[in-house]
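Q: the amino acid sequence is not available; the structure is as follows:
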């Protein structure tokens, strides 16, 4: 990133109350950012955080195989010793994600499910027909409730209470599981009398869930229960690459806007890269469906993706009207691709 680009980038971020500081570590880390995500009073928002946790390992992919829709990579590390990459739990901050940094598979984010020594990494999902062999990669810790939204405490911005509906709770977080099609709601729980204990818990039961996983590149739901703006501080490294995710076919997934700026569908490459585009009437269910949430009216607006046989090329449509909607900064777009097989979805940032 040259000086002019970085200067313009920083000025634009300051305009939305974010501060960026350059990080030049090994050419892998990008500028790191601090920002406040604001949820209006009594609103539900689909939040996408463009920041990532620091790179912990890097190297080169020297071989790849796929089994049951999941990749396994043979790798050459630059340095260090890999931990057990499949050891994350609801209370262990040990979830990892592999990011492909260059080559034809650039931008893929694949959750790590295991490792063997320093040479083999098992992943959830696949790059499909796009070979990752020869590409550079980075491994980061994935987000969790505590790492993204802060550890549970009496000072939590989300408030706290001895049950999920307590009046002292200011907000909830919902994490959506694309594979099962279910959402889990989390809050900061308080227990004890003279000695208090605070933990993230779900509304489904009393177990602590301080490190419930939040996958990099995906959106979560934040609900503001108060009559005031709800300001959530977030921080991390900014990825300049597009995001590419392997997701279940026909299932709903929330894609985070990968940049700290508003981005249109065309800029984000959604029409051009959508897995299945309608080839004739774009208002039919034969094209992938994307939707944006209007938090004020609490409704979704759904857009179908039309294919190359349409006179204006791959585009988003409402019925037969060609449109180019905007995905706001720090927000997410809902996608439901056609078909039952896993697909790759792509969303690029606006820089």
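A: Yep, that arrived. Keep in mind that this is a model prediction, so the values were computed, not measured.

Q: low-confidence ranges, the stretch 51-200 of the chain, go.
A: Applying pLDDT under 70 to the stretch 51-200 of the chain picks out no residues at all.

Q: ok, residue 85 - contacts?
A: 96, 112, 113, 114, 115, 121, 122, 139 (Cβ atoms under 8 Å, 6 or more residues apart in numbering). C-beta coordinates here come from the backbone N, C-alpha and C atoms, glycine included.

Q: go ahead and confirm the fifth one touches residue 121.
A: In other words, residue 115. Yes: the pair residue 115 / residue 121 is scored as a contact, 5.1 Å apart, by Cβ atoms under 8 Å.

Q: list the buried ones in stretch 212-219?
A: Across stretch 212-219, burial judged by 16 or more other Cβ atoms under 10 Å covers 212, 213, 214, 215, 216, 217, 218, 219.

Q: swap in stretch 228-248?
A: Quick answer for stretch 228-248 (16+ other Cβ under 10 Å): 230, 232, 234, 236-239, 241-248.

Q: and for stretch 54-73?
A: Of the residues in stretch 54-73, those buried (16+ other Cβ under 10 Å) are 55, 57, 58, 59, 60, 61, 64, 70, 71, 72, 73.

Q: surely the third one and residue 102 touch.
A: This means residue 58. No: contact criterion Cβ under 8 Å: residue 58 and residue 102 do not qualify, at 11.4 Å.

Q: what sits in contact with each of the two?
A: Common neighbours of residue 58 and residue 102 (Cβ under 8 Å, 6+ apart) are residue 136.

Q: most widely separated two among the buried residues of stretch 228-248?
A: Greatest spatial distance in the buried residues of stretch 228-248: 230 and 246, 32.5 Å, computed using Cβ to Cβ.

Q: how far away is the residue nearest to residue 261 when sequence neighbours are not counted from residue 145?
A: Closest residue in space to residue 261, ignoring its immediate chain neighbours: residue 350 at 4.6 Å, by Cβ to Cβ, 6 or more residues apart in numbering. Applying Cβ to Cβ, to the nearest Å, the value for residue 350 to residue 145 is 28 Å.

Q: more neighbours: which of these two?
A: residue 145 (26 against 17; other Cβ atoms under 10 Å).

Q: need the contact list for that one.
A: 173, 186, 200, 209, 210, 211, 212, 214.

Q: would you map the helices across the chain?
A: 3-15, 145-149, 265-268, 270-273 (DSSP state H).

Q: distance between the third one and the chain's centre?
A: Same thing as helix 265-268. Distance of helix 265-268 from the chain centroid (Cα atoms, centre = their mean, to the nearest Å) equals 17 Å.

Q: what packs against it?
A: Secondary-structure packing of helix 265-268 (3 or more Cβ pairs under 8 Å, 6 or more residues apart in numbering; DSSP states H and E): strand 326-327.

Q: could you do the last one as well?
A: Of the remaining helices and strands, those touching helix 270-273 by 3+ Cβ pairs under 8 Å, 6+ apart are strand 299-306, strand 315-318, strand 343-347.

Q: which parts of stretch 199-214 are buried?
A: Buried-residue list, stretch 199-214, by 16+ other Cβ under 10 Å: 199, 200, 201, 202, 208, 209, 210, 211, 212, 213, 214.
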